[in-house]
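In: Pasting the sequence and the predicted coordinates here, then a few questions.
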Amino acid sequence: MKIIDVIVSPGLTGFYFDDQKAIKCGITQDGFTCCGEPQTPGFKAVRQRGESISVMLILEDGQMASGDCAAVQYSGAGGRDPLFLAEDFIPIILDEIAPKLVGQELDSFRHLVSLVENSKRPNGERYHTAIRYGVSQAILDGVAKAKKMTMTEVILEEYELPMVLEPIPIFTQTGDDRYDNADKMIIKRVGVLPHALINNVETKLGKNGELLLDYVEWLRKRIMTLGGDDYRPVLHIDVYGTIGIAFEDDTERMVEYFAKLEKMASPLQLRIEGPMDAGGLESQIKQLKSLRDALIAGGVKVEIVADEWCNTYEDIVKFVDAQAADMVQIKTPDLGGIQNTIEAVLYAKKFGVGAYVGGTCNETDCSARTAVHVSLASRPDQMLAKPGMGVDEGLMIVHNEMSRTLAVLKYREGK
């Protein structure tokens, strides 16, 4: 089965592009609009609409395979590729990517994605991570259609992985509506919650961390009240480096604060994502490892999740090798082709580090469904419900795709 053509269409994502640097410096909001001057190159406003590009492969039997190019909400921050706007990148896909694919046989996902992942633009630069991300999704879908398999089965076959017919815990995020949206999560009994978007010291963390302590206390009580005795989700909160800011990167003070968080969350397991942002890859690894070692020495069982500066497969390998975190977020759009996500999960698991197939609220339904197949095959510890910040929609997309796929795989196993 060959690819006979490539077509594209501009699209919208499930959320927005936000200028993280401007937000950390402090902004005001007017309704849903963020007021202030953008500080990251490419942004025309602190918050602007999220854009995607759908890449569609036309197969010789008339079928169509698709994938969505998308970039993270905080594009251009933490060493990531710049803002991804459809009008800027559609010509690149049609003029430079399509000729590499047209005429190719859809017989090997890993071979076809290498044609894009390992090639460079005429100016010598690599293709934007969002392009590699979306094109690789379309290729995986195309190989699955050519072989009459699910995308999960294609990955299992090509990576020689065992089939496990169990769901992956789903992690949901509240956005700024961290109370009502937490209720939604508890009612639907998600496995990991709430993210909580703690991205500002004064308004969300507290100068001494008091606002987050209050929130964790409320969340624990709410879970016990609404969830009942048989529901004990993992708490996973993203603090966007604000703990490091509030405690001036003082490891001893941070450990004392983590101990308070642990006590407030008990008996629930607590994970803190991105406790500090050291401003660069090597310094981030050094600081995270120092904090993790100090937590272990102090008997504090709060787990650290690496996010900022942990962008590419190569970055993830460095964090894992250093044992700098209990878990790494594998932020799917940042890694480019989804084969990198698969390989990152397998690498982290091999060396005993938790793997979290994440991504961003700023993705699409198509990229989210593909991430389900990646997760079912590679078996991370958790995966993100996406896109959007409304909880219900992203959770529905991911949960239902997972449930459908497991039903198909069980049916085929039983035949």
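Out: Perfect, thanks for sending it. Residues are numbered from 1 along each chain as shown.
In: Can you get me a residue count around the residue nearest to Lys120 when sequence neighbours are not counted?
Out: Nearest residue to Lys120, sequence neighbours excluded (Cβ to Cβ, 6 or more residues apart in numbering): Arg126, at 5.8 Å. In this view, the C-beta of every residue, glycine as well, is placed from N, C-alpha and C. Look at Arg126: counted by other Cβ atoms under 10 Å, it has 15 neighbours.
In: And the one 3 residues further on, by the same measure?
Out: Number of residues near Thr129 (other Cβ under 10 Å) recorded here: 27.
In: same check, this time on Gly336
Out: Counted with other Cβ under 10 Å, Gly336 comes out at 27.
In: in the stretch 301-415 of the chain, which segments are predicted with low confidence?
Out: 415 (pLDDT under 70).
In: which residue ranges form the helices in it?
Out: For the stretch 301-415 of the chain, helices defined by DSSP state H, counting those that start in this stretch occupy the ranges 313-321, 338-350, 365-378, 392-414.
In: so which of those gets nearest Asn208?
Out: helix 313-321 (28.7 Å; Cβ to Cβ).
In: need the longest strand for this protein.
Out: Identified as the longest strand of the chain according to DSSP state E is strand 3-18.
In: Just the CA atoms of that strand, as CSV, please.
Out: Only the C-alpha atoms of strand 3-18 are listed here, as CSV (Å, rounded to 0.1, in the frame of the first residue of the first chain):
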residue,chain,number,x,y,z
ILE,A,3,1.1,6.9,-0.3
ILE,A,4,-0.1,8.7,-3.4
ASP,A,5,-0.6,12.2,-2.1
VAL,A,6,-0.4,14.5,1.0
ILE,A,7,-3.0,17.2,1.8
VAL,A,8,-3.2,19.5,4.7
SER,A,9,-5.7,21.7,6.5
PRO,A,10,-5.3,24.4,9.2
GLY,A,11,-7.0,23.7,12.5
LEU,A,12,-7.6,24.8,16.0
THR,A,13,-6.3,23.1,19.2
GLY,A,14,-8.2,22.3,22.4
PHE,A,15,-6.7,25.3,24.2
TYR,A,16,-4.4,28.4,23.7
PHE,A,17,-0.8,29.4,23.3
ASP,A,18,0.3,31.3,26.5
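In: Skipping its backbone neighbours, what lies nearest Tyr133 in space?
Out: With Cβ to Cβ, 6+ apart, the residue lying closest to Tyr133 is Pro333, at 5.0 Å.
In: ok, now how distant is the one you found from Val391?
Out: Using Cβ to Cβ, to the nearest Å, one gets 20 Å for the distance from Pro333 to Val391.
In: who has more neighbours, these two?
Out: More neighbours surround Pro333 than the other of Pro333 and Val391, with 31 against 25 (other Cβ under 10 Å).
In: can you pull the contacts of the more buried one?
Out: Ala70, Ala71, Val72, Thr129, Ala130, Tyr133, Gly359, Thr360, Glu363, Ser367 (Cβ atoms under 8 Å, 6 or more residues apart in numbering).
In: Now the element after the helix or strand hosting Ala146, going C-ward?
Out: Taking DSSP states H and E as the definition, Ala146 sits inside helix 129-147. Per DSSP H and E, the first helix or strand lying C-terminal to helix 129-147 is helix 151-159.
In: so how far is that next one from its chain's centroid?
Out: 21 Å (Cα atoms, centre = their mean, to the nearest Å).
In: Pull out the buried residues from that helix.
Out: Neighbour counts over helix 151-159 (16 or more other Cβ atoms under 10 Å) mark Met151, Thr152, Glu153, Val154, Ile155, Leu156, Glu158 as buried.
In: now swap in stretch 196-204 and tell me
Out: Here stretch 196-204 shows Ala196, Leu197, Ile198, Asn199, Asn200, Val201, Lys204 as buried, counting by 16+ other Cβ under 10 Å.
In: Columns distance to Met56 on top of the residues you listed, output as JSON lines?
Out: Output for these, formatted as JSON lines (distance: Cβ to Cβ, whole Å):
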{"residue": "Ala196", "distance to Met56": "37"}
{"residue": "Leu197", "distance to Met56": "33"}
{"residue": "Ile198", "distance to Met56": "39"}
{"residue": "Asn199", "distance to Met56": "35"}
{"residue": "Asn200", "distance to Met56": "40"}
{"residue": "Val201", "distance to Met56": "44"}
{"residue": "Lys204", "distance to Met56": "40"}
